[in-house]
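Undergrad: below: sequence and its predicted model.
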Amino acid sequence: MAATRDKFGRPIVVVTGMGVVTSLGSGKADNWKKLTAGESGIRTITRFPTDGLKTTMAGTVDFVPVEPFSSTDLSERLGELVAEEAIAQAGIGTKGDFPGPLFLAVAPVEVEWPQRQELGRAIGANTEVDYDAMLRVSGGGRFAQYHRRFLFGSVADHLAEKFGTKGSPISLSTACASGASAIQLGVEAIRRGEADAALCVATDGSVNPEALVRFSLLSALSTHNDPPEAAVRPFSKNRDGFVMAEGAGALVLESYEAATARGAQILGILAGCGELADSFHRTRSSPDGKPIIGCVRNALSDAGIVSDQIDYINAHGTGTPENDKMEYLGISTVFGERAQQIPVSSNKSMVGHTLSAAGAVEAVFSLLTLEHQRIPPTINYDIPDPAIPFDVVPNKARDARVTAVMSNSFGFGGQNATLILTREPV
Amino acid sequence: MTETKSSSPGTAEVWITGIGLATSLGEGLDAHWDALNQRRINVDEKGFAPYVVHPLAPVNFDAQIPKKGDQRQMEAWQRIGTYAAGLALDSAGVKGNKEILGRMDMIVAAGGGERDLAVDCNILNSEGNSAPGFLNERLMNDLRPTLFLAQLSNLLAGNIAIVHGVTGSSRTFMGEEAAGVDAARIALARIAAGQSDIALIGGSQNGERKDLLVLYEFGNFNLTGKFAPVWARGEKSGFALGSGGAFLVIESRAHAEARGAKPYARLTNVVADLARRKHPGEVTATLEKLWSGIGKLGNNGVIITGATGAEPATSEEQAFLNKHADFAVRASGTTFGHTMETQFPLGLALAALSISRGALFPPNDPTGLEVEMSNPPTQIVVIGAGHWRGEGMALVEAVK
């Protein structure tokens, strides 16, 4: 019988179920087909008027109907879809009775413009709108549903109830590293022996006018609006920003022992997690790259492997001038000369930046890379940046022997998280 | 139930070695201890009338956030939290200790989203003649580019990293009251299991916010009119939003002893659950379940609860408390208002402070639910039952 503990004596954590939705489509099969065909999910925004915006495209998920629309409702729906897919694949528990805790990466929840405008209408056309007037019309129960909806914990509460997860569900945000952090929390809980299984979900449905404007005002977004599918250009010389996108990813994590005991199919191993915060700046990485380097090294050491054992890097690769440069600095420092040989591709070139969901979406794609022994490309790679001499798997997917994947996630607020995923226990 | 025990064999004992408080009562432990013993309450019934809020006491932010540029990059909730986090690091004796701060873990319980009220109102007032794209143009022109960073939940932790250099890890939990419980629960579990040696946990809230009042007004949760203690709100249920930051440094006993740090108290256990709250009595039952798993409790214990005053949660919690009448109860919500994500860390801070001072602060309750206690407390159970969802409990004990 295979060992159920890793070389540090901790329970080995395995993946037995996965779910994913992105702008490419719903489910693993559809996403993988399009991802390895180099298709883009980025399109011109039709959800709301884009007049006056510098960026008019995004990786919206328009094929999942949510009426009336709110980003939180869409996040919740996407979270449901991926959790359903993951739990069905894992075949764990019974319907509505998942035998472990929920860790949910979700964008910060807030009252959105449609609700604010509804308050404005409730105040009446001839009355000056201020927050005192809004307060006067908010009570009495006519808007009670908005209290339920716009609590930060509302998405997690709903998913916990629907899937019957155990204990207090955790909603977390580490900005664009949130998806990876949700998985890390699950890994840690299983390693502590608190749980045999954990449901890790990350979801984001943030494409609304104010969210777009916020990123735009920070000069973070690409303005290559036409054609939209060519907007995200990770590691290219002419990259000019990331593209907002929606999506969700879910993993069912289990201890190796629990998974094998119930005869579950093991899809991969969550071998290691690393994190390290950056204190340099609210939106920029420390110029010396030390926090990224430390984060990557922490993940390797947590997995108990060395960089030579990694065969593929699923990059954060947002396509902002800053991120891609810093990611190269970090990886080349840790990997040395191998940094120019090891394949490093960015799923975001196709699905866009799914923000809070990205770490989990890319963990699913990393596991599919391991399963299919095929590396998804970095598309829109026409003008290489000589300062970033990665093998980015340009424009076309590639068959390769892949036994261990590193997946990076970095976010505003100095957030850095790295996952190591493998086919077999290491 | 999700349980996290540091008292089981083979796991590390965890100490609270730093406390940082900046609230409506003032800043620092002495100011808080004095105010609590004087039964002082700082409440504003007029500024946001008819809503009652607890304003932050004047604080010299320069003392913990020396760069004005940093202060300008934050909204009030972040300034309060970054300030309180600095006090906690000072209190633990690790402020400026780059070696420790560089590997110190951090879990912040955060809300966020502090809005620019003038921008919102200008847009809503101009909507009658709005062309397509009107909202876009006004937002593009009127929003301060860095306001987003002052709204993002994880940027309280980000600011603490920038200002104080806490960089071992940075995690932000959201989800109202339960976020504060889970921040403590996970940090404790990680240290007890040897996944971490030392952590900064806590949260902050600015209660002087009309946009926040709107959210809770949707659910009729705001206390209006005249202030009353939590247990005396009767038909007029609800909470007065509180303002404050509460942070704690917790670490393994071995780590604390190796650096010569003194404990305020031991954080023995944190447990949490999510009652469905579809039927009467579920909160009471869940609290009983948590109570039975919290650890071995002696006589003459103390309960510090973050009971909100919102119904039916507060009445259900009272039913639980009535069954444990041998415990002296204190409701932090009476004195501090409801600080939401921060209420549970605040309760932990008050528990550790009381144990370290060898006394429990006096009751502040005309109903008689809170009674005097003259013995030095050695065990304090901290309770956090959310106004809408989430139940949590911690056991804080004197170090033996």
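TA: Structure received.
Undergrad: what sits against A:P376?
TA: Counting by CB atoms under 8 Å, 6 or more residues apart in numbering or on different chains, A:P376 touches A:L35, A:T36, A:G38, A:S345, A:N347, A:M350, A:F365, A:T369, A:V393, A:A397. No exception for glycine: its C-beta is placed from N, CA and C like everyone else's.
Undergrad: typo on my end, B:F239
TA: By CB under 8 Å, 6+ apart, the contact set of B:F239 is B:Y216, B:F221, B:N222, B:L223, B:T308, B:G309, B:A310, B:G333, B:G337, B:H338, B:H387.
Undergrad: again, 10 Å this time
TA: Residues in contact with B:F239 (CB atoms under 10 Å, 6 or more residues apart in numbering or on different chains) are B:52-53, B:207, B:216, B:221-223, B:230, B:233, B:307-310, B:314, B:333, B:337-340, B:343, B:387.
Undergrad: look up the closest residue to it, ignoring the ones flanking it.
TA: Distances taken as CB to CB, 6 or more residues apart in numbering or on different chains place B:H338 nearest to B:F239, at 3.7 Å, with adjacent residues excluded.
Undergrad: follow-up on the earlier one: filter the contacts of A:P376 down to the ones in helices?
TA: Taking DSSP state H, the ones among the contacts of A:P376 that sit in helices are A:L35, A:T36, A:M350, A:F365, A:T369.
Undergrad: apart from its chain neighbours, what residue comes closest to the first one?
TA: If you skip the residues right next to it in sequence, A:L35 has A:P376 as its closest partner in space, 4.6 Å away by CB to CB, 6+ apart.
Undergrad: now the fourth one
TA: For A:F365, the nearest residue in space outside its immediate sequence neighbours is A:N347; the separation is 5.1 Å by CB to CB, 6+ apart.
Undergrad: and the one you found, how far from chain B?
TA: In this view, A:N347 and chain B are 22 Å apart by CB to the nearest CB, to the nearest Å.
Undergrad: that residue contacts A:Y312, correct?
TA: No - counting by CB atoms under 10 Å, A:N347 does not reach A:Y312; the two are 11.8 Å apart.
Undergrad: higher neighbour count, the two?
TA: Between A:N347 and A:Y312, A:N347 has the larger neighbour count (other CB atoms under 10 Å in any protein chain shown), namely 31 against 26.
Undergrad: what score does that one have for pLDDT?
TA: As predicted, A:N347 sits at a pLDDT of 98.
Undergrad: list the contacts for it?
TA: Counting by CB under 10 Å, 6+ apart, A:N347 touches A:22, A:24, A:31, A:35, A:232, A:234, A:314-317, A:353-354, A:358, A:361-362, A:364-366, A:369, A:376-379, A:407.
Undergrad: what do you get for B:L348?
TA: Contacts here follow CB under 10 Å, 6+ apart; on that basis B:L348 touches B:16, B:19, B:180-181, B:183-184, B:201-202, B:246-248, B:250, B:264-265, B:267, B:270, B:304, B:380, B:382, B:384, B:394, B:396.
Undergrad: grab the most central residue of chain B for me.
TA: Computing the C-alpha centroid of chain B and ranking residues by CA atoms, centre = their mean puts B:T342 first, at 1.7 Å.
Undergrad: pretty sure that one contacts B:G242?
TA: Yes - if you go by CB under 10 Å, B:T342 and B:G242 touch, sitting 7.7 Å apart.
Undergrad: find residues that contact each of those two.
TA: B:T23, B:Q205, B:G207, B:S332, B:F336.
Undergrad: C-alpha coordinates for stretch B:161-179, CSV please?
TA: The C-alpha trace of stretch B:161-179 is given here as CSV (Å, rounded to 0.1, in the frame of the first residue of the first chain):
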residue,chain,number,x,y,z
ALA,B,161,2.3,45.1,5.7
ILE,B,162,3.4,48.4,4.2
VAL,B,163,3.3,50.4,7.4
HIS,B,164,4.4,47.8,10.0
GLY,B,165,6.3,45.3,7.8
VAL,B,166,4.2,42.2,8.7
THR,B,167,4.9,40.0,5.7
GLY,B,168,5.0,36.3,6.6
SER,B,169,1.6,35.9,5.1
SER,B,170,-1.4,38.1,4.5
ARG,B,171,-4.9,36.6,4.5
THR,B,172,-8.2,38.5,4.7
PHE,B,173,-11.4,36.9,5.8
MET,B,174,-14.7,38.5,5.0
GLY,B,175,-18.2,37.6,6.2
GLU,B,176,-19.2,40.0,9.0
GLU,B,177,-19.0,38.7,12.6
ALA,B,178,-17.9,35.2,11.5
ALA,B,179,-14.8,36.5,9.8
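Undergrad: so what sits opposite the residue nearest to B:F239 in the bridge?
TA: Beta bridges link B:H338 to B:L241 when assigned by DSSP bridges.
Undergrad: contacting residues for it?
TA: Per CB under 10 Å, 6+ apart, neighbours of B:H338: B:53-54, B:176-177, B:205, B:207, B:216, B:221-223, B:230, B:238-242, B:306-310, B:332, B:387.
Undergrad: now B:I100, nearest residue through space, not along the chain?
TA: Spatially, and ignoring its direct neighbours in sequence, B:I100 is nearest to B:V94 (4.9 Å; CB to CB, 6+ apart).
Undergrad: ok, residue 168 - contacts?
TA: I went with chain A, as the question did not name one. By CB under 10 Å, 6+ apart, the residues touching A:S168 are A:101-102, A:153, A:156, A:160, B:1-2, B:175, B:178-179, B:181-182, B:185-186, B:271-274, B:389-392.
Undergrad: sorry, should have said chain B
TA: If you count contacts by CB under 10 Å, 6+ apart, then B:G168 has A:275-277, A:294, A:298, B:100-106, B:161, B:196-200 around it.
Undergrad: could you turn the buried ones of those residues into a ChimeraX selection?
TA: A single ChimeraX command selects the buried members of these (16 or more other CB atoms under 10 Å in any protein chain shown):
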select /A:275,276,277,294,298 /B:100,101,103,104,105,106,161,196,197,198,199,200
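Undergrad: in helices only, show me the contacts of B:G168.
TA: Counting by DSSP H, the contacts of B:G168 place A:G294, A:N298, B:I100, B:L101, B:A161 in helices.
Undergrad: ok, so of the residues you listed, who is nearest B:I294?
TA: B:I100 (30.0 Å; CB to CB).
Undergrad: distance check, the closest one against chain A.
TA: Distance of B:I100 to chain A, computed by CB to the nearest CB: 14 Å.
Undergrad: let me have the ones in helices among the contacts of A:P376 in TSV, extended by neighbour count and pLDDT.
TA: Formatted as TSV, those follow (neighbours: other CB atoms under 10 Å in any protein chain shown; pLDDT from 0 to 100):
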residue	neighbour count	pLDDT
A:L35	28	98
A:T36	21	98
A:M350	30	98
A:F365	28	98
A:T369	29	98
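Undergrad: pull the most distant pair out of these.
TA: The widest separation within the ones in helices among the contacts of A:P376, taken as CB to CB, falls between A:M350 and A:T369 and amounts to 13.5 Å.
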